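Asker: Got a predicted structure plus its sequence, pasted below:
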Amino acid sequence: MKFTLQAEDIASKARAGVLETAHGNIQTPIFMPVGTAGTVKAVHQHELVEDIQAQIILGNTYHLYLRPGLDVLHKAGGLHKFNHWDGPILTDSGGYQVYSLTEVRKIREEGVTFRSHIDGSKHLFTPENVMDTQRIIGADIIMAFDECTPYPCEYSYARKSLDMTHRWLKRCVDRFDSTESLYGYEQTLFPIVQGSVYKDLREKSAEVIASFNRDGNAIGGLSVGEPAEEMYAMTEVVTNILPQDKPRYLMGVGTPINILENIALGIDMFDCVMPTRNARNGMLFTQNGIINIKNEKWKADFSPIEAESDLLVDQIHTKAYLRHLIRSQEILGAQIASLHNLHFYLWLVKQAREKIIDGTFYDWKEKMVKVLGQRL
Ligand SMILES: CNc1nc2cc3c(=O)[nH]c(N)nc3c(CCO)c2[nH]1
């Protein structure tokens with residue numbers, strides 16, 4: 001999978017590039033909407049996701065393995081066919097979801113046993129079988145099976161967990177490199193840097209991950225409750241070591257401000273449930289700051305949701321109407337607010353890419369960071 005760097009900022013480590021996949025090219029920096037169970041929540045028609053120019057969506061091994069299950073996905077010819085999305089797809093390996101969605105789980109050298117959050121049935125994920133699962137799902141980019149260390153955690157726990165994640169990575173690479181894609185197009189495996197918030201562990205993990213020389217590299221174990229400054233410090237340590245010529249994916253990040261600060265630290269790919277999860281609760285991200293649409297002040301505000309936005313729903317619907325829909329818990333409210341926030345996140349990273357290319361990123365980022373945190 002080919003990654004071409006097109007521009008590098010002079011005042012920061014920000015880059016603009018293109019990642020070529022079998023299902024189309026991805027312009028970076030990029031934000032990847034999370035389509036956990038095969039659909040981006042509340043954004044049912046994929047034409048809508050196309051409409052907001054989402055270039056790549058995230059699927060999830062844990063969810064898809066449990067429901068609809070591998071036999072259905074295999075018979076469908078993979079997830080692209082099943083959910084009628086012909087753009088690139090990235091699937092996470094399931095490690096994080098087991099850690100965040102299930103209580104009853106045991107982490108052993110062999111792998112992780114857990115009970116399904118759906119019906120309580122018992123399952124085992126190993127580095128080998130999550131590679132086979134992601135082969136069947138057919139994502140263009142698949143993630144290594146790792147342990148996302150909780151925050152906070154003791155240094156000794158982080159070091160032991162890191163060493164096991166590295167041993168699991170070797171097993172993932174051996175399995176992945178000895179199996180073929182099932183559907184006739186290239187898939188690629190990204191390893192994941194861990195090390196919690198400990199500088200020396202992050203350096204060691206970044207060096208180990210870089211040594212596998214894969215098509216791209218991910219940074220995990222962050223956006224798990226640590227202060228933003230810790231996230232930025234660890235990202236900086238790791239991007240100083242990961243190769244320049246490969247895309248860097250910071251997992252689970254984040255707020256609009258987190259995204260801009262991490263682009264400046266050399267990150268190219270992001271994913272986060274925040275835009276859709278917060279949308280369902282009426283929190284709208286806009287170019288002028290954050291709107292809590294449920295607030296009384298929007299009750300009779302008949303201005304467009306966002307005048308500057310080129311998204312149709314932002315133009316044709318008013319703040320008052322969207323407030324009414326969200327307060328009434330109408331499905332249309334979740335759909336409009338989700339589309340709005342996804343469109344905003346994709347607009348933000350597209351703007352960043354354009355500013356990196358024309359050499360004005362740093363000043364623009366400083367200005368935007370001041371505005372984006374404001375409550376309107
Ligand atoms: C919301 N924050 C977050 N931190 C993450 C950290 C990890 C991680 O360390 N490993 C893997 N495999 N996935 C992760 C994910 C899911 C992707 O959004 C994370 N998500």
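Answerer: Cool, the structure landed.

Asker: Quick one: residues contacting Gln97.
Answerer: 60-63 (Cβ atoms under 8 Å, 6 or more residues apart in numbering). C-beta coordinates here come from the backbone N, C-alpha and C atoms, glycine included.

Asker: Output the set of residues of the stretch 151-300 of the chain in proximity to the ligand.
Answerer: Within the stretch 151-300 of the chain, the residues that sit near the ligand (Cβ under 6 Å from any ligand atom) are 192, 220-221, 223-224, 251-252, 271.

Asker: Give me the buried entries from these.
Answerer: Burial by neighbour count, judged by 16 or more other Cβ atoms under 10 Å, picks out 192, 220-221, 223-224, 251-252, 271 from those.

Asker: can you redo those residues as CSV with pLDDT and secondary structure?
Answerer: CSV is the format used below for these (pLDDT from 0 to 100; DSSP: H, G, I helix; E, B strand; the rest coil):
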residue, pLDDT, secondary structure
Ile192, 98, strand
Gly220, 98, coil
Gly221, 98, coil
Ser223, 97, coil
Val224, 96, coil
Met251, 98, coil
Gly252, 97, coil
Asp271, 96, strand
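
Asker: and which of those residues is nearest Tyr99?
Answerer: Set against Tyr99, the nearest of these by Cβ to Cβ is Val224 (9.2 Å).

Asker: and the nearest residue to the closest one once chain neighbours are set aside, how many residues sit next to it?
Answerer: Leaving out its chain neighbours, the residue that sits closest to Val224 by Cβ to Cβ, 6 or more residues apart in numbering is Tyr151, at 4.4 Å. Applying other Cβ atoms under 10 Å, we find 17 residues neighbouring Tyr151.

Asker: and Tyr151, what does it touch?
Answerer: 196-197, 221, 224-226.

Asker: Strands along the stretch 101-250 of the chain, start to end?
Answerer: 105-107, 112-115, 122-125, 141-143, 188-190, 192-193, 217-219, 248-250 (DSSP state E, counting those that start in this stretch).

Asker: give me the low-pLDDT residue ranges for the stretch 1-150 of the chain?
Answerer: The stretch 1-150 of the chain contains residues with pLDDT under 70 at 36-54, 104.

Asker: what about the helices in it?
Answerer: 46-51, 61-66, 70-76, 79-82, 95-101, 127-137 (DSSP state H, counting those that start in this stretch).

Asker: list the buried ones in the third one?
Answerer: Residues of helix 70-76 classed as buried by neighbour count (16+ other Cβ under 10 Å): 70, 73-74.

Asker: now the last one
Answerer: Residues 127-131, 133-137 are the ones in helix 127-137 that count as buried (16+ other Cβ under 10 Å).

Asker: likewise the fourth one?
Answerer: Using 16+ other Cβ under 10 Å as the burial criterion, the residues of helix 79-82 that qualify are 79-80, 82.

Asker: anything in the longest helix anywhere in the chain near the ligand?
Answerer: Counting residues, the longest helix found in the chain (DSSP state H) is helix 331-357. No: shown here: helix 331-357 not in contact with the ligand (Cβ under 6 Å from any ligand atom), separated by at least 13.8 Å.

Asker: Next SSE downstream of that helix?
Answerer: helix 361-372 (DSSP states H and E).
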